[in-house]
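[1] Sequence and predicted structure below; questions after.
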There are 2 protein chains.
Amino acid sequence: MTIVEDAKKGLITEEMKVVAKSEGVTEDFIRRGIAGGHIVIPMTPYRKVKLCGIGSGLRTKVNASIGTSSDIVNVEEELEKARQAELAGADSLMELSTGGDFLDIRRRVCEQSNLSVGSVPLYQAFIEAARNKGGVVFMDEDDLFKITEQQAKLGTNFMAIHTGINYETVKRLKNQGRHGGLVSRGGAFMTAWMLHNEMENPLYRRFDYLVEILKEHEVTLSFGNGMRAGACHDATDRAAIQELLINAELADQAHNAGVQCILEGPGHIPLDEIKTNVQLEKRVTNNKPFYMLGPLVTDIAPGYDDRVAAIGASVSSAAGADFICYVTPAEHLALPTPEEVYEGVMSSRIAAHVGDMVKLPKTREADLEMGHARRDLDWERQYAVSINAEKARCIRNSRMPADSDACTMCGDFCAIKIVQKTFNF
Amino acid sequence: MTIVEDAKKGLITEEMKVVAKSEGVTEDFIRRGIAGGHIVIPMTPYRKVKLCGIGSGLRTKVNASIGTSSDIVNVEEELEKARQAELAGADSLMELSTGGDFLDIRRRVCEQSNLSVGSVPLYQAFIEAARNKGGVVFMDEDDLFKITEQQAKLGTNFMAIHTGINYETVKRLKNQGRHGGLVSRGGAFMTAWMLHNEMENPLYRRFDYLVEILKEHEVTLSFGNGMRAGACHDATDRAAIQELLINAELADQAHNAGVQCILEGPGHIPLDEIKTNVQLEKRVTNNKPFYMLGPLVTDIAPGYDDRVAAIGASVSSAAGADFICYVTPAEHLALPTPEEVYEGVMSSRIAAHVGDMVKLPKTREADLEMGHARRDLDWERQYAVSINAEKARCIRNSRMPADSDACTMCGDFCAIKIVQKTFNF
């Protein structure tokens, strides 16, 4: 029995207990969420991980994506990125290598990390076709399903699978056009394959078979967003919404079969369209967890895209997004370094908290504690509640004030010290 | 005649023409905005500056605050901060020194910079009292007005003046209490002075005299926010709103007398209260320009407060805030370095643009151009439209791909290249 089936039968599993405790909610709250498809706990029978719950009523979680590319294959560096992501407080990793020995890299990441790990099986299927047969369009669909199973057995907790790119979706895309093209690698691979082979997407056509595999290995299905906008001007367009509708329909089907489901969302969205995207996803999927890539709220700040995504992620999380994929400062420019991975996770964690302050008011307690610690000029308490105590301490210590109660911003004229003498808050 | 009086009489001045051109609006749009008090152009008869318009229908502007503290008095470094701020694209500077020779520092900043410069005259008045008379509470109110005039003559374009802290406001504060204390230095100085001397705030009591001085020297009056929350839990509280009401009343009075007015706002505000703050300010001030300090949307991320403020500033700008004071990564920890000033301005400029995309859709053209440049894999066009071309180029070049069309994120498996072969967007 899968956890969804357990939940529907009213059983509280060990995983539900762990997540309930870490979220400060009742075990039955988690059970009902999983039974209804509003909450998932990405699991795997093949590896012990630090479980994390994702969905309605839970804290927003942060994913860090790592992985080689055809240009840069340095397994040690990818392992270092995995470490930095964990150190920075990521809740999960996606291992998205497209260069080197896929199985070896994923195995080592899974061995090293305590976090839930996600993957995109079609990368491997398409890239092996490119390597061995001379083109992604020669991908053999049976290989795709075999690879999915193979990756599941490595201890993959969730998989991004591009089921929603079917004839309907491609028709919407063709009839509409795009300003920023297609930027999802999975979406691009699959669209090219479908058009070249004049065949329907096997992940859609043989969805029942896919669900069978995922169910057997208890993999959480994260519906890929192959049509996601790669430019703010393409946000919320017909192709993307068509794909969402297809995925939403399939997600009900998968959930009914006992598989946990998440839906991925964009991407690039102007600030004033984020709420619409979240509400639409929640409505058409019957409140399944929403996994957003930021979103990026402007296209003109390459080099700062972690900050740009933090703006979008704050607003999307506040509006109800449950799971945020980080963006690093190297986005749109290069494969990130371990330092950029760390920075990307930090920016996303800040955004997740800012959103949680709105949707889960109890998370504001940390801010209240900081307010009190600042009022009391108690620096150690301030560091203790800081998202990155080491960084905060380092900045202050680099320029220590003469009066160790204050800081060098105000020195002798610290507003708080002046007021302490006047009021007694 | 001041520019407000000119505008009311239907005259188009040289300043209005310059701003109309740089904003892409009609000269009469600017004139009407100034006449109605919805737009200001901070001016000074004593210095030639790059004029910037602030208010409804114009792009959101960014201020960078610099200045010494009692701990760190390094005039060369402050001048370097002014240079870095200008280089990063700030629209104005506030020179907020509280250490060293005030006049010398301000004179040198005004001489060096092309930007509008703001100041807070009461800092000098209170700190000179502390230096010469042994305490801020011994400040002589005549000195306060003299210093205001003296600073105006140095070529100061706008001044933050704490008029709204009067008996009523202090009563609200006392009756209510605070989680994070008072964090405005001006607010703390003035409150301490009032309570010690048992006298009403001279800036409120002798507001007509203040307006006379500002009018004579054509200084824009930026109503200080002495009660601003220093913790998210104090946001939108009775003391802050009381001060806003007092300032709003005075702003109508000053505008009627021919003085340009801006109102300063908080500070620290949870994401879901920002719109309320903007709407309230706009309503009670009859749509006068709103100058926000970020706001910071969480208190727990010292070391990252430029990013935190960018989240708040994006939302406040989208909701109608007109002018954003940057926050640096050193906020709450130390006086910023020139590098931190640069980073702070960049974060704020990103936020200003994100907000402008919502309230001024024509600003989205830059994003559209980036979308097209990315679709076409035209890197030079991408850099040309980037907010920081040098940084973007540097990240990409540090890890150049084998295929110079793509980048090392995807290498051979660039989604855009795959799709180029399939579609012809």
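    Received it, and whenever you're ready, just let me know what you need. Numbering: from 1, shown residues only, chains lettered A, B, ... in the order given.
[2] Contact partners for the spatially most central residue of chain A?
    Centroid-nearest residue in chain A: residue A:325, 3.0 Å away (criterion: Cα atoms, centre = their mean). Shown in contact with residue A:325 (Cβ atoms under 8 Å, 6 or more residues apart in numbering or on different chains): A:62, A:63, A:64, A:65, A:94, A:291, A:292, A:293, A:294, A:348. Bear in mind the C-beta positions are built from the backbone N, C-alpha and C, glycine included.
[3] what's the closest of those to residue B:35?
    If you rank those by distance to residue B:35 using Cβ to Cβ, residue A:294 comes first, at 41.9 Å.
[4] follow-up on the earlier one: tell me the bridge partners for the residue nearest to the centre of chain A.
    residue A:63 (DSSP bridges).
[5] For the worst-scoring helix or strand of chain A on mean pLDDT, report the contacting residues that lie outside it.
    Lowest on mean pLDDT, DSSP states H and E among the helices and strands of chain A sits helix A:415-422, with a mean of 77. Residues from elsewhere that reach helix A:415-422 (Cβ under 8 Å, 6+ apart): A:374-375, A:377, A:403, A:405-406, A:425, B:136, B:181-185, B:187-189, B:191-192, B:195-196, B:230.
[6] Send me it as CSV with only the CA atoms.
    Backbone C-alpha positions of helix A:415-422 (Å, rounded to 0.1, in the frame of the first residue of the first chain) are rendered in CSV as follows:
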residue,chain,number,x,y,z
ALA,A,415,18.0,55.5,18.5
ILE,A,416,17.2,52.5,20.6
LYS,A,417,19.7,53.5,23.3
ILE,A,418,18.3,57.1,23.4
VAL,A,419,14.7,55.8,23.7
GLN,A,420,15.7,53.2,26.3
LYS,A,421,16.4,56.1,28.6
THR,A,422,13.1,57.7,27.9
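[7] buried sites along that helix?
    A:415, A:416, A:417, A:418, A:419, A:420, A:422 (16 or more other Cβ atoms under 10 Å in any protein chain shown).
[8] Could you pick out the residues of the stretch 101-250 of chain A near chain B for me?
    A:123, A:126-127, A:130, A:136, A:173-174, A:177-185, A:187-189, A:191-192, A:195-196, A:230-234 (Cβ under 8 Å from any Cβ of the partner chain).
[9] what's near enough to touch residue A:168?
    Counting by Cβ under 8 Å, 6+ apart, residue A:168 makes contact with A:242, A:246.
[10] Taking the stretch 251-400 of chain A, what residue is nearest to chain B?
    The minimum distance from the stretch 251-400 of chain A to chain B, using Cβ to the nearest Cβ, falls at residue A:371 (2.9 Å).
[11] tell me the phi and psi of the closest residue to that residue other than its chain neighbours?
    Nearest residue to residue A:371, sequence neighbours excluded (Cβ to Cβ, 6 or more residues apart in numbering or on different chains): residue B:231, at 2.9 Å. Per-residue torsions, residue B:231: phi -150, psi 140 (degrees, to the nearest 10).
[12] Let me see the contact set for residue B:231.
    For residue B:231, the contact set (Cβ under 8 Å, 6+ apart) comprises A:367, A:368, A:370, A:371, A:374, A:375, B:178, B:179, B:180, B:268, B:299.
[13] again, only this time at 6 Å
    Contact partners of residue B:231, counting by Cβ atoms under 6 Å, 6 or more residues apart in numbering or on different chains, are A:371, B:179, B:180, B:268, B:299.
[14] Buried residues in the helix ranked longest in chain A, which are they?
    Longest helix in chain A, counting residues (DSSP state H): helix A:338-359. Residues of helix A:338-359 classed as buried: A:338, A:340-359 (neighbour count, 16+ other Cβ under 10 Å).
[15] before we move on, back to that, which among the residues of the stretch 101-250 of chain A next to chain B end up buried?
    Buried by 16+ other Cβ under 10 Å: A:123, A:126-127, A:130, A:136, A:173, A:178-185, A:187-189, A:191-192, A:230-234, out of those.
[16] So which residues of the stretch 51-200 of chain A form strands?
    Under the criterion DSSP state E, counting those that start in this stretch, the stretch 51-200 of chain A contains strands at A:54-55, A:61-66, A:92-95, A:116-119, A:158-161.
[17] Poorly predicted segments of chain A, please.
    Residue ranges of chain A with pLDDT under 70: A:424-425.
[18] Please parse it into its domains.
    According to automatic domain parsing, chain A comprises the domains A:59-359, A:363-422.
[19] okay, the ones you listed, which one's buried deepest?
    Of all the domains of chain A, domain A:59-359 carries the top mean neighbour count, a mean of 23, counting by mean count of other Cβ atoms under 10 Å in any protein chain shown.
[20] Now do that one: distance from first to last residue.
    9 Å (Cα to Cα, to the nearest Å).
[21] in which helix or strand would I find the closest residue in space to residue A:11 that isn't next to it in sequence?
    Nearest residue to residue A:11, sequence neighbours excluded (Cβ to Cβ, 6+ apart): residue A:31, at 7.6 Å. Secondary-structure assignment from DSSP states H and E places residue A:31 in helix A:27-36.
[22] Residue A:374 too?
    In the assignment (DSSP H and E), residue A:374 maps to helix A:365-375.
[23] and that helix with helix A:338-359, angle?
    Computed with axes from the mean of the first three to the mean of the last three Cα atoms, to 10 degrees, the direction of helix A:365-375 lies at 100 degrees from that of helix A:338-359.
[24] For the stretch 51-200 of chain A, just list every one of the helices.
    A:75-87, A:102-112, A:121-133, A:141-153, A:167-176, A:185-197 (DSSP state H, counting those that start in this stretch).
[25] dump the residue contacts of residue A:296.
    A:268, A:308, A:309, A:312.
[26] What distance do you get for the third one to residue B:274?
    The reference is to residue A:309. When distance is defined by Cβ to Cβ, to the nearest Å, residue A:309 is 19 Å away from residue B:274.
[27] would you list the contacts of residue A:296 in TSV and tack on distance to residue A:208 and secondary structure?
    Output for these, formatted as TSV (distance: Cβ to Cβ, whole Å; DSSP: H, G, I helix; E, B strand; the rest coil):
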residue	distance to residue A:208	secondary structure
A:268	33	strand
A:308	40	helix
A:309	36	helix
A:312	35	helix
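[28] which one of the residues you listed is nearest residue A:282?
    Top of the list for closeness to residue A:282, among the contacts of residue A:296 and by Cβ to Cβ, is residue A:312 at 16.9 Å.
[29] which ones are touching the closest residue to that closest one other than its chain neighbours?
    Nearest residue to residue A:312 in three dimensions, chain neighbours excluded: residue A:295, at 4.0 Å (Cβ to Cβ, 6+ apart). The neighbours of residue A:295, taking Cβ under 6 Å, 6+ apart as the test, are A:266, A:267, A:269, A:312.
[30] one more time with 10 Å, if that's ok
    Residues in contact with residue A:295 (Cβ atoms under 10 Å, 6 or more residues apart in numbering or on different chains) are A:228-229, A:232, A:235, A:265-271, A:273-274, A:277, A:308-309, A:311-313, A:315-316, A:321, A:324-325, A:327.
[31] Equivalent analysis for residue A:308, please.
    Contacts of residue A:308 by Cβ under 10 Å, 6+ apart are A:268, A:294-302, A:327, A:329, A:331, A:347, B:307, B:310, B:314, B:347, B:350-351, B:353-354, B:387.
[32] Residue A:122 too?
    Residues near residue A:122 by Cβ under 10 Å, 6+ apart: A:136, A:139, A:143-144, A:147-148, A:159-162, A:185-187, A:189-190, A:193, A:201-203, A:224, A:226.
[33] How about residue A:35?
    A:3, A:4, A:5, A:6, A:7, A:8, A:9, A:10, A:11, A:28, A:255.
[34] repeat that with 7 Å
    When contacts are counted by Cβ atoms under 7 Å, 6 or more residues apart in numbering or on different chains, residue A:35 touches A:4, A:7, A:8.
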